[in-house]
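**Student:** What would the 3D arrangement of this be:
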Amino acid sequence: MKNLKTEFQDLPEEYQTLGGRGLTSTIISKEVPPTCNPLGPHNKLIFAPGIVTGTKAPSSGRISVGAKSPLTGGIKEANAGTKFAQMLGRMQIAAIIIEGKNEGDDYYALNLSQDNAGLVNVNKWVNRGLYEVYKEIFEERGEHVGIAGVGIAAEMLAANTGIAFNDPEGLPSRYSGRGGLGAVMASKKLKFIIIDETGAPGVTLADEELFKKGTKKLLNSLTTHDVTKPHGALNSYGTSVLVNIINEARGLPQCNFSVGQTDEAAQVSGEAKAEEIKKRGGTRPHSCHPGCVMQCSEVWTKKSGKDPVGVLEYESVWALGPNCGIYDLDIIGELNRACNDLGMDTIEAGNTIAVAMDGGLLEFGDGERALELMDEIRKKTPLGRILANGTEFTGKAFGVTRIPVVKHQAMPAYDPRAIKGIGVTYATSPMGADHTAGYAIATEIMGVGGEADPRSTKKAELSRNLQAATAVIDSTGYCLFTAFAVLDIPEGLEGMVESVNGVLGTSLTVDDIGPLGMDILKTERDFNKAAGFTKQDDRIPEFLREEKFPPSGEVFDVPDEELDSVFGD
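**Tutor:** I've put the predicted structure just below:
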């Protein structure tokens, strides 16, 4: 970006078997100084589709975006499902690496097609909402292109900024949301990446028969498991099926992690939302990318059936809803729209509003005022800049002590006092508080991959195994939700590995998953250590250890020794 130059390079031999998170984290660890300023010229931003992304493998349209995070100060991978990822895979592009920093005042878009790349001035799209801009890009370039972009919040170089990919309807609703990677992109003066896959050769399969054999096994698993099958939990109610489940488990954080259960939660549940979508003529079930068999996504609209927002994920509904004392899906939908439009992570944004409520800026449950705060960000006012920098920044600004973050990143929708394994993942993941890094909820609450008492403090092994498996799944390009099926159905896991072998020509086995995942995690943890992280960063906030969580009365009492034993270093 410094000199506005583009270049195609052959993938180095040492990276030939890497994809997704494995590739982004490896490149960052090798090429980014761990102590650099995340918004300075030495950071790099990597876009990498997974190994099988772009093939006909089911539910495989994932992309990893990596950089040093301006929010956590450590290594970061943020994942999204989008046809943009599949287009890159079919173009045989293993990664887009954005490096350097343009010191001018102009913003640019990278136009990428088969064998051609160039940067063009896009100042006409600066300081505007992404819904309007994405519509204009599609009108100008054609509906066949794929878009990745950053919004108004990123133009302020704020720490709560994601990278928006278009969904199948062209809406900016599929996010690599966490860690402030949008600010990294904007700091380099890159506003959009627009790709056109016309003439793409497609993904080369080293062993087509093995690939077909493996994907058939995986497909059979996904279409028979109760969580992932057609008309199953995810397909029927989306990820928000978890609202009632986690509320029943007394682990749904509400009013800034002050209570874990309320009858009001049912008003914003997946069941309630699915019924409302049906009335309004929205779309449910729905795919975030072509070829997904689980179809846990949706298109939420206003009551009129117009002005589609895109998906309201469980985490978004929780963060912008119950965690703020808001139990109105229409207000939650508009808050979600504002986050998408401004280019912000909904989890961080909802937690930010909640700590602002705790700090007296507004009352819990005041949805209208919460929407006004989104306008403060849109106008780039001083208050808006505080809020756009996330939960911890805002909490400190308003003198709040109940700030639910690990490594400066806000916690998702499961209270670690009631569900301790997910708390171990929050504490020890290299990514900061992140449920997707090692989804212990699968085992602790849903009984997937075995069973575990959510209140047991012995969770190091569970979290470690799930973190390792997740690092591998994030590298393959498969959706993390495939884990629900493959953790219970061994043949599905075999099929997943066989499909990867079919693409790469490797001879990996199921037994390789753990070691490969641990290698990725070691790469990430080594980067963080070099950036200054210690075991004291693998800890849960003090209030969660000391404040009893009603109605269960639990505290997070996992000993530090148990946390340190996750990685043993």
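
**Student:** Please name the nearest non-neighbouring residue to the residue of the chain positioned farthest from its centre.
**Tutor:** Going by Cα atoms, centre = their mean, the residue of the chain most distant from its centre is Glu209, 32.7 Å out. In space, and not counting its chain neighbours, Glu209 is closest to Gly502: 7.7 Å by Cβ to Cβ, 6 or more residues apart in numbering. (C-beta placed from N, C-alpha, C; glycine too.)

**Student:** pLDDT wise, what is that neighbour at?
**Tutor:** On pLDDT, Gly502 comes in at 98.

**Student:** In which helix or strand does it reside?
**Tutor:** helix 490-504 (DSSP states H and E).

**Student:** go on, Gly22?
**Tutor:** Using DSSP H and E, Gly22 sits in helix 20-31.

**Student:** now what about the helix or strand that that helix is followed by, what contacts it?
**Tutor:** Of the helices and strands lying after helix 20-31 in sequence (DSSP H and E), the nearest is strand 45-49. Residues outside strand 45-49 that contact it (Cβ atoms under 8 Å, 6 or more residues apart in numbering) are 19-21, 23-24, 27-28, 62-67, 85-86, 88-89, 93-99, 148, 181, 184-185, 188, 190, 193, 477.

**Student:** Give me the next element, helix or strand, following strand 45-49.
**Tutor:** strand 62-68.

**Student:** So what are the sheet partners of that next one and their directions?
**Tutor:** Strand 62-68 sits in its sheet next to strand 45-49 (antiparallel), strand 75-81 (antiparallel), going by DSSP bridges.

**Student:** Hmm, Lys217 and the residue nearest to Glu209 touching each other?
**Tutor:** No - between Gly502 and Lys217 there is no contact under Cβ atoms under 8 Å: 11.5 Å.

**Student:** Who are the packing partners of the helix or strand in which Glu139 is found?
**Tutor:** In the assignment (DSSP H and E), Glu139 maps to helix 130-141. Here helix 130-141 touches strand 146-149, strand 190-196, helix 329-342, going by 3 or more Cβ pairs under 8 Å, 6 or more residues apart in numbering; DSSP states H and E.

**Student:** Next, the angle from it to strand 190-196.
**Tutor:** Helix 130-141 runs at 40 degrees relative to strand 190-196, counting by axes from the mean of the first three to the mean of the last three Cα atoms, to 10 degrees.

**Student:** mind checking how far helix 130-141 is from the chain centre?
**Tutor:** A distance of 23 Å separates the centroid of the chain from that of helix 130-141, by Cα atoms, centre = their mean, to the nearest Å.

**Student:** tell me the domain ranges of this protein?
**Tutor:** Annotated domains of the chain cover 13-196, 235-415 [automatic domain parsing].

**Student:** what would these look like in JSON lines with distance to Asp569, mean pLDDT and mean neighbour count?
**Tutor:** Putting the domains of the chain into JSON lines (distance: least, Cβ to Cβ, whole Å; pLDDT from 0 to 100; neighbours: other Cβ atoms under 10 Å) gives the following:
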{"stretch": "domain 13-196", "distance to Asp569": "15", "mean pLDDT": "98", "mean neighbour count": "22"}
{"stretch": "domain 235-415", "distance to Asp569": "16", "mean pLDDT": "98", "mean neighbour count": "22"}
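
**Student:** out of the ones you listed, nearest to Leu544?
**Tutor:** Among the domains of the chain, the nearest to Leu544 by Cβ to Cβ is domain 235-415 (7.4 Å).

**Student:** Could you work out the end-to-end span of the closest one for me?
**Tutor:** Length of domain 235-415, first residue to last, Cα to Cα, to the nearest Å: 25 Å.

**Student:** now what about the helix or strand the residue farthest from the centre of the chain falls within, what contacts it?
**Tutor:** Per DSSP H and E: Glu209 is located in helix 208-222. Helix 208-222 has contacts (Cβ under 8 Å, 6+ apart) with 55-59, 205, 228-229, 293-294, 482, 485-486, 489, 491-492, 494-503.

**Student:** Going by neighbour count, which residues in it are buried?
**Tutor:** For helix 208-222, the neighbour count (16 or more other Cβ atoms under 10 Å) marks 210-215, 217-222 as buried.

**Student:** What is the neighbour count of the nearest residue to Lys458 once chain neighbours are set aside?
**Tutor:** Of all residues not flanking Lys458 in the chain, Glu562 sits nearest, at 6.9 Å (Cβ to Cβ, 6+ apart). Residues near Glu562, counting by other Cβ atoms under 10 Å, number 19.
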